[in-house]
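[1] fold the following and give me the result.
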Amino acid sequence: MFRLYRIFKYSPAKFTVLLGFLVLQIFISPIAGDSRVLQQVLYFYTYLVLISAVTAIISDRRKLYAYFSLYAASLLSSVMFFHSKHLFWLSVSEGADMLMLCIAVWGIQRFMSRQRRVTQDLISGAICIYMLAGMIWADAYSQCEIYRRGSFSGLDPESGIFAIRNALTYFSYVTMLTVGYGDIMPVSFMARSLAVLQGIFGQMYLAVFIAGILGTFISQHNAGSSDNNQSGHSGPD
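    Numbering: from 1, shown residues only. You can find the predicted model right below:
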């Protein structure tokens, strides 16, 4: 963990590293399948990376203590669920995960707002927020399915908890991208409301926030090129 912390603390490409891990996770999770051991290892390592990132970029100790407390609650409730099979513990774990991800998004946003110049790594940070938002909504969809089975059509009730969770994560990103394949659809009122809000967020975030950051980055780059050209021609004839 200390090595990960040093990467996120001192590396100029901290968010690029985090983005690479988040993208890699999308491919690793289905490979782990219904194996409890592999899924638990993936869960542990995912939040180990997020803990390292959050610890490196957040200076507010109260937020850090809250993050560690939520991680402990999530880990403990996850263990309790696999021992008891009681959905209450799964709900607690998903809720703690959601709050942890919200703190991570808040920390990245706060870190980015303190920077004076837009860099390629800050663009990666903005995309990280987008990826983490998809995970937050996936947790919310899981809560819908826990408290009201059948909130989504297209889910196989006979499949394992990990398969359902991966399907809801897939639905979350497809919804945020407003692709809408139709293989999984929200049925309950709460699930539909969350899907509408996510679709609005996904479009607004890409159109306003990321487009604004890219525009600022291009303007800075063009201004720097212009200054270099002027300095190159400012010598005596």
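
[2] ok now stretch 43-57, how far from the chain's centre?
    Chain-centre distance of stretch 43-57: 12 Å, with C-alpha atoms, centre = their mean, to the nearest Å.

[3] ignore the last one, stretch 87-100
    Worked out by C-alpha atoms, centre = their mean, stretch 87-100 lies 16 Å from the chain centre.

[4] as a whole number, average confidence for that stretch?
    Taken as a whole, stretch 87-100 carries a mean pLDDT of 93.

[5] give me the below-cutoff pLDDT ranges for this protein.
    Judged by pLDDT under 70, the chain has its weakly predicted residues at 1-2, 221, 223-237.

[6] could you measure from the residue nearest the centre of it over to Asp156?
    Nearest to the geometric centre of the chain sits Leu132, at 1.2 Å (C-alpha atoms, centre = their mean). Separation of Leu132 from Asp156 (C-beta to C-beta, to the nearest Å): 27 Å. The way it works is simple: take the backbone N, C-alpha and C, and place the C-beta from them, glycine included.

[7] I'd like to know which elements the helix or strand hosting Leu42 is packed against.
    Using DSSP states H and E, Leu42 falls within helix 36-57. Contact here means 3 or more C-beta pairs under 8 Å, 6 or more residues apart in numbering; DSSP states H and E; on that basis helix 36-57 packs against helix 2-10, helix 14-32, helix 61-84, helix 87-113.

[8] would JSON lines of the ones you listed with mean neighbour count be doable?
    What follows is the helices and strands packed on helix 36-57, written out as JSON lines (neighbours: other C-beta atoms under 10 Å):
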{"stretch": "helix 2-10", "mean neighbour count": "13"}
{"stretch": "helix 14-32", "mean neighbour count": "17"}
{"stretch": "helix 61-84", "mean neighbour count": "15"}
{"stretch": "helix 87-113", "mean neighbour count": "19"}
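
[9] let's have those in a markdown table, adding distance to Ile161.
    As requested, those are exported to a markdown table (distance: least, C-beta to C-beta, whole Å):
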| stretch | distance to Ile161 |
| --- | --- |
| helix 2-10 | 28 |
| helix 14-32 | 13 |
| helix 61-84 | 8 |
| helix 87-113 | 7 |
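
[10] excluding residues flanking it in the chain, which one is nearest Lys14?
    With sequence-adjacent residues excluded and distances taken as C-beta to C-beta, 6 or more residues apart in numbering, Lys14 is closest to Phe8, at 4.6 Å.

[11] isn't the one you found up against Phe21?
    No. Assessed by C-beta atoms under 8 Å, Phe8 is found out of contact with Phe21, at 10.8 Å.

[12] residues touching the nearest residue to Met80 once chain neighbours are set aside, list them.
    The shortest distance from Met80 to any non-neighbouring residue, by C-beta to C-beta, 6+ apart, is to Trp89 (4.2 Å). Counting by C-beta atoms under 8 Å, 6 or more residues apart in numbering, Trp89 touches 77-78, 80-81.

[13] max pairwise distance over those residues: which two?
    Across the contacts of Trp89, the longest distance by C-beta to C-beta is 7.2 Å; it joins Ser78 and Met80.

[14] what's the burial count for Arg165?
    Counted with other C-beta atoms under 10 Å, residues neighbouring Arg165 total 20.
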